[in-house]
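**Student:** Sharing a sequence plus its predicted fold:
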Amino acid sequence: MTVTAYVLHIEPTANCPGEVLDQLTPQLATMVHRSVGNQQTLDAALKLREWDAILCSSNELTDANTPHAFLDSLPGMACQLHLDTDDKLNFLYASEGCTDLLGITPPELEQNAQFLLGKLHPDDAEAFFLGMRQSAKDGTAWNWEGRIQLPEHQEIKWLNLRAKDPHSNPQGTYWNGFMINITQNRKASLEIKRSRQRLRELSSHIENIKEEERIRIAREIHDEIGVLLTALKMDLSWLRNRLPEDNTALMEKARDMADLLDTAGKSVNNLVHSLRPAFLDCFGIVAAIEIEAREFTKRTGIPCKIKKSSDNIVISDEQSITLFRVFQEAMNNIMKHADAHKVQVQISEGPHGIELIVSDDGKGFDESARNKPRSFGLRGIQERIGHLGGRVRISSAAGTGTIVAVLLPTIE
């Protein structure tokens, strides 16, 4: 059975009375719980608890090289913790780092653990006690990160407690632990998260501006250039009807001009489609993906099979254009890089949201290719979907094809 011994180091300068020394057992120890060097601190230590042993200064082991002195020099608080049979936590030992960390002296914490427990942030206290009891029950390490509130200056500190090697006996469970201040690290981590969120919001804002600009340009091209081309074609038709039929050169030139106008009209339609496909707004996301897949097959000769849970999946305009742009990016990557023979697309509506999966049987890629500095396509997909609270899964390996799967949550 493990028994905890409380070791007191009394230096000669403390002028310890002989009757006190007679009550203690002089011996060397591996752990010193308190070191005293004058009468006042000696009196306070003797009132603190009953001590089991005394470590006297000697040439073999002095205060400067004891484990006690080493622990006191560390930027944190070493501690020994005890969870008794009444589920009450006690600090059997706390190093001098306690003062900087918690704003109280080690004896104060050793006399009353509530000096720490009462400062636990309400949002983090439950995790503290849950981790403690789970460690005691399973005999595993106890690792806790959380906040304490220091009422004197309304200061909040982030602490990390790591307690290992729990052992139990009829008196409860014991840990050796170390607690450090991780406030600066947590602040830096939170700032990184905030920066990423701001970048994500900025990226989304830029994408929204781009979509609005695409709509405006597409509308102007359709309304202005499209009208002009139609007027030119009508004028050319009027002119052809009045040309001498026996003038072969003029009739041939008129046909060439008509062909050029047809080509220009198709180019305008393709440009308007690439800027903002009208059928996305008219027929919805499923029809838009089907039409885009047919155009992909027409351009590349690669068959594209569509699986859908419904012809009419209703989602918001922002989700609709996001899914469509993700689909375009995935198909563009297949066309440029995959060397695929077939493509399968699945779009379905489930209990967790709208899922789009694009898979091919191409040559795939490894992790290093995905992390190339200018690999903006896949990053763009992740940013677009992440901003809407969705998830992205990209699976690929050399020679195994690629799967791009995105899930957008349903908006209630």
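**Tutor:** Looks like it came in fine.
**Student:** Describe which strands the lengthiest strand in the chain pairs with in its sheet and in which direction.
**Tutor:** Across the chain, the longest stretch assigned as strand under DSSP state E is strand 155-169. According to DSSP bridges, strand 155-169 forms sheet pairs with strand 142-150 (antiparallel), strand 172-181 (antiparallel).
**Student:** So which residues of the stretch 201-350 of the chain form strands?
**Tutor:** Assigned by DSSP state E, counting those that start in this stretch, the strands in the stretch 201-350 of the chain fall at 304-308, 343-350.
**Student:** And these: which comes nearest Arg242?
**Tutor:** Among those, the nearest to Arg242 by Cβ to Cβ is strand 304-308 (47.7 Å). For glycine as for every other residue, the C-beta is placed from the backbone atoms N, C-alpha and C.
**Student:** So, low pLDDT: which residues of the chain?
**Tutor:** 1-7, 12, 21-22, 24-35, 37, 52-73, 152-153, 367-376, 411-412 (pLDDT under 70).
**Student:** Let me know the outermost residue of it.
**Tutor:** In the chain, counting by Cα atoms, centre = their mean, Asp246 sits farthest out from the average C-alpha position, at 76.4 Å.
**Student:** Now that one: phi and psi?
**Tutor:** phi -80, psi 0 (degrees, to the nearest 10).
**Student:** ok so, going back, tell me which of the strands of the stretch 201-350 of the chain lies nearest to Val314.
**Tutor:** Among the strands of the stretch 201-350 of the chain, the nearest to Val314 by Cβ to Cβ is strand 343-350 (8.6 Å).
**Student:** Please work out which residues outside that closest one touch it.
**Tutor:** Outside strand 343-350, the residues within contact range by Cβ atoms under 8 Å, 6 or more residues apart in numbering are 285-286, 289, 293, 296, 302-310, 313, 323, 327, 331, 334, 354-360, 410.
**Student:** Which of these are buried? Put it as a ChimeraX command.
**Tutor:** Of the contacts of strand 343-350, the buried ones can be selected in ChimeraX as follows, counting by 16 or more other Cβ atoms under 10 Å:
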select :285,286,289,293,296,302,304,308,313,323,327,331,334,354,355,356,357,358,359,360
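**Student:** check contacts around the closest residue in space to Asp360 that isn't next to it in sequence.
**Tutor:** Leaving out its chain neighbours, the residue that sits closest to Asp360 by Cβ to Cβ, 6 or more residues apart in numbering is Ala340, at 3.9 Å. Residues in contact with Ala340 (Cβ under 8 Å, 6+ apart) are Ile302, Ile334, Asp360, Asp361, Gly362, Gly401.
**Student:** mind listing the helices for the stretch 301-412 of the chain?
**Tutor:** Secondary structure of the stretch 301-412 of the chain, counting by DSSP state H, counting those that start in this stretch: helices at 317-333, 367-370, 376-387.
**Student:** most neighbours per residue, which of these?
**Tutor:** Among the helices of the stretch 301-412 of the chain, helix 317-333 has the highest mean neighbour count (mean count of other Cβ atoms under 10 Å), at a mean of 20.
**Student:** roughly how far is that helix from the heart of the chain?
**Tutor:** 24 Å (Cα atoms, centre = their mean, to the nearest Å).
**Student:** same for that helix, what does it pack against?
**Tutor:** Judged by 3 or more Cβ pairs under 8 Å, 6 or more residues apart in numbering; DSSP states H and E, the packing partners of helix 317-333 are helix 278-283, helix 285-300, strand 343-350, strand 353-360, helix 376-387, strand 402-408.
**Student:** ok, and for the longest helix along the chain, which residues are buried?
**Tutor:** For the chain, the helix that runs over the most residues, judged by DSSP state H, is helix 183-220. Within helix 183-220, the residues scored as buried using 16+ other Cβ under 10 Å are Arg186, Ser203, Ser204, Glu207, Glu211, Ala218.
**Student:** Also compute the angle for it relative to strand 142-150, please.
**Tutor:** If you take axes from the mean of the first three to the mean of the last three Cα atoms, to 10 degrees, helix 183-220 sits at 90 degrees to strand 142-150.
**Student:** Please report the distance of the spatially closest residue to Trp158 that is not a sequence neighbour from Ala405.
**Tutor:** Of all residues not flanking Trp158 in the chain, Arg186 sits nearest, at 4.1 Å (Cβ to Cβ, 6+ apart). Distance, Arg186 to Ala405, by Cβ to Cβ, to the nearest Å: 33 Å.
**Student:** How about the contacts made by the residue most central in space within the chain?
**Tutor:** The structure's the chain has its C-alpha centroid closest to Lys193; by Cα atoms, centre = their mean the separation is 7.8 Å. Not one residue lies near Lys193 by Cβ under 8 Å, 6+ apart.
**Student:** Quickly list what Arg393 is bridged to.
**Tutor:** Ala405.
**Student:** That one contacts Ile385, doesn't it?
**Tutor:** No. Contact criterion Cβ atoms under 8 Å: Arg393 and Ile385 do not qualify, at 10.2 Å.
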